[in-house]
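# with the input below, show me the fold.
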Amino acid sequence: MIFNIQQNIHIHTIKINSIGNSSVFQIGSSGVIKALSTLSNTGGYTEPAPQLDSEGESFVPFPPTG
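Purely as a prediction, here's the structure:
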């Protein structure tokens, strides 16, 4: 089945507060969105990440919001 879609989209302002690793931001139509997962060492790290504390939790500071 073939769909022909014609769209006129006008976006004056758009605000995205956050987007995650597996997020999809879409404006308009998409025929197929295929999943893709890659593992990259873009920071050039040479050692493993530090271990979590004994309770299995770790503190990650987030910037203030608002």
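
# can we go C-alpha only for contacts and neighbour counts from here?
Noted.

# and the residue lying closest to S29 once chain neighbours are set aside, how far from A35?
Take S29 and drop its neighbours on the chain: the residue closest to it by C-alpha to C-alpha, 6 or more residues apart in numbering is I5, 8.0 Å away. Computed as C-alpha to C-alpha, to the nearest Å, the I5 to A35 distance reads 23 Å.

# now S23
With distances taken as C-alpha to C-alpha, S23 is found 10 Å from A35.

# one more: T42?
20 Å.

# now do I27
Distance, I27 to A35, using C-alpha to C-alpha: 18 Å.

# could you measure from G44 over to N21?
Distance of G44 to N21, given as C-alpha to C-alpha: 19 Å.

# no, scratch that, I was asking about S29
21 Å.

# between these two, which is the more surrounded one?
S29 (9 against 6; other C-alpha atoms under 10 Å).

# pLDDT at that one, what is it?
Looking at S29, its pLDDT stands at 74.

# cool, the one 3 residues further on as well?
Among the per-residue scores, V32 holds a pLDDT of 78.

# remind me which residues of the chain are low pLDDT?
22, 52-60, 66 (pLDDT under 70).

# how about the helices of it, start to end?
Counting by DSSP state H, no segments of the chain form helices.

# returning to that earlier point: tally of neighbours for the residue nearest to S29?
Per other C-alpha under 10 Å, the neighbour tally for I5 reads 7.

# mind checking how far it is from F25?
Distance from I5 to F25, by C-alpha to C-alpha: 19 Å.
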